[in-house]
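**Student:** no sequence on this one, just coordinates:
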């Protein structure tokens, strides 16, 4: 009986792996050969709406000055452009730096200083700051992000469509040449944005609002009750709550903003631990609602559910490996079990990740950076570290009570660059 349970579980895991493998190939082939949708990218002259850029900052003295200066240079009508900085209980020089900018640009920059006893976290900072914003369009950046000169117009343009509630641009690391990790994360970002997000846009699915380099319509935000304070991934959370209300999300692949990727493995592991816990929290909350809703099409529904489950695939794949090894040592190494398990795990899993490798290779090809593909074999190590980290985070979350649906702590990503960093922009 025990062996039968193991075999059944393994075949279920194989089925899930094959579904996600097909998903990878579908997105990649569409991105390479399908019709590409960029419906809003060429809008340059219009009656532009009032826009506020909202930046939540917690101990960001290393980067905040650089980012504010870049925001002050963007090409957007000055009488319709504001910057709101939410200082989330910083203990370094962040408050001093942003207060200096606010004193110099009082018509543009507004500041909210959150108190020590305020609820911690980015979602809480966004919720508090939004109360002091009167524009219909809110563009949200992380404190280390540097926008291109035309980025605000590109992110605002989709909101001319009254059905659009969320907009997401493309995130591009600026420190790719620092070490092997930053180069590998550059490949990962390329696959995620250049292929995954754009394919969702092409196919009329659900491009995910990523929490940075994106915008939200105030009416959409208010229709779902605003930002939730008890979420670790406010971006995934707001994506699903607005989609379930019938709003559309848009991805702008040519709208690039520049970020600092983690430069050390411990920082990277802390980052994906937070992402995994936040995403799994949204999975607990919204999977059933995605099944039940009539607000989205069947294809959007399937895509939404698969997107919610992406972080669960790491522990599921590792469970599949464990079961396959157990069956082998129990003498159940017949051709059917062995060959199917080997094919499925190498097609999607950490070792020999053919589908994901194809996706990243295609992204590099589309970007035109052919030499970057030489780093592809090193992604075996990156995928393994990510799979183990996500699995540990997920298991710890499940064991923490309430099926892991409640947040515990929020880990801030340390910064490595300084305020003298410069990006050459046209």
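**Tutor:** Yep, it's here. The model shown is predicted, which means the values in this text are computed figures rather than measured ones.
**Student:** host element of residue 256?
**Tutor:** strand 248-259 (DSSP states H and E).
**Student:** can you list the strands that that strand pairs with?
**Tutor:** strand 146-147 (antiparallel), strand 164-173 (parallel) (DSSP bridges).
**Student:** rank those strands by pLDDT, which is bottom?
**Tutor:** Among those, strand 146-147 has the lowest mean pLDDT, at a mean of 90.
**Student:** what's whichever helix or strand comes after the strand holding residue 256 packed up against?
**Tutor:** Following strand 248-259 in sequence order, the next helix or strand is helix 265-292 (DSSP H and E). Applying 3 or more CB pairs under 8 Å, 6 or more residues apart in numbering; DSSP states H and E, we find helix 265-292 packed against helix 180-190, helix 234-244, helix 298-308, helix 379-399. Bear in mind the C-beta positions are built from the backbone N, C-alpha and C, glycine included.
**Student:** would you mind finding the most buried of those helices?
**Tutor:** Mean neighbours per residue, mean count of other CB atoms under 10 Å, is largest over the helices and strands packed on helix 265-292 for helix 234-244, with a mean of 24.
**Student:** surely residue 106 is within a strand?
**Tutor:** No - applying DSSP: H, G, I helix; E, B strand; the rest coil, one finds residue 106 to be coil, outside a strand.
**Student:** how many residues are close by it?
**Tutor:** 9 (other CB atoms under 10 Å).
**Student:** what of residue 266?
**Tutor:** For residue 266, the count of nearby residues is 9 (other CB under 10 Å).
**Student:** any idea how far residue 273 is from it?
**Tutor:** Using CB to CB, to the nearest Å, residue 266 is found at 10 Å from residue 273.
**Student:** with residue 117 instead?
**Tutor:** 26 Å.
**Student:** the more surrounded of the two?
**Tutor:** Using other CB under 10 Å, the more surrounded residue of residue 117 and residue 273 is residue 273, with 19 against 7.
**Student:** enumerate every residue touching the residue lying closest to that one once chain neighbours are set aside.
**Tutor:** Distances taken as CB to CB, 6 or more residues apart in numbering place residue 393 nearest to residue 273, at 4.3 Å, with adjacent residues excluded. Contacts here follow CB atoms under 8 Å, 6 or more residues apart in numbering; on that basis residue 393 touches 272, 273, 276, 277.
**Student:** got it, and residue 390?
**Tutor:** Going by CB under 8 Å, 6+ apart, the list of residues near residue 390 reads 272, 273, 276, 311, 314, 315.
**Student:** low-confidence ranges in the stretch 301-426 of the chain?
**Tutor:** Applying pLDDT under 70 to the stretch 301-426 of the chain flags residues 331-354, 401-426.
**Student:** 50 - rerun?
**Tutor:** 348-352, 402-404, 406-410, 424-426 (pLDDT under 50).
**Student:** now do the helices in it.
**Tutor:** According to DSSP state H, counting those that start in this stretch, the stretch 301-426 of the chain carries its helices in the segments 313-329, 335-348, 354-367, 379-399.
**Student:** what is the first one packed up against?
**Tutor:** Pointing back at helix 313-329 there. helix 2-33, helix 335-348, helix 379-399.
**Student:** and the most centrally placed residue in the chain, what element?
**Tutor:** Taking CA atoms, centre = their mean, the centroid of the chain lies closest to residue 210, which sits 3.9 Å from it. Counting by DSSP H and E, no helix or strand carries residue 210.
**Student:** again with residue 100
**Tutor:** helix 94-104.
**Student:** sheet partners, orientation included, of the helix or strand that comes right after that helix?
**Tutor:** Where DSSP H and E defines the elements, the next helix or strand beyond helix 94-104 is strand 109-114. Strand 109-114 sits in its sheet next to strand 81-88 (parallel), going by DSSP bridges.
**Student:** what does the partner strand contact?
**Tutor:** Strand 81-88 is contacted by residues 50-58, 64, 68, 71-72, 74, 94-95, 98, 101-102, 105, 108-114, 118, 120-122, 124-126, 128-129, 132-133, 135, 152 when judged by CB under 8 Å, 6+ apart.
**Student:** what about residue 39, neighbour count?
**Tutor:** Residues near residue 39, counting by other CB under 10 Å: 12.
**Student:** need the contact list for it.
**Tutor:** For residue 39, the contact set (CB under 8 Å, 6+ apart) comprises residue 158.
**Student:** show me the contacts for residue 193.
**Tutor:** Taking CB under 8 Å, 6+ apart as the test, what residue 193 contacts is 170, 171, 253, 363.
**Student:** list the buried residues in the strand holding residue 256.
**Tutor:** Buried residues in strand 248-259, counting neighbours by 16 or more other CB atoms under 10 Å, are found at 248, 249, 250, 251, 252, 253, 255, 256, 257, 258, 259.
**Student:** pLDDT at the second one, what is it?
**Tutor:** Reported pLDDT at residue 249 in the predicted model: 96.
**Student:** distance of it from residue 94?
**Tutor:** Per CB to CB, residue 249 is found 31 Å from residue 94.
**Student:** next one: the first one
**Tutor:** Look at residue 248 and residue 94: by CB to CB, they are 35 Å apart.
**Student:** and the residue nearest to residue 273, how far from residue 38?
**Tutor:** 35 Å.
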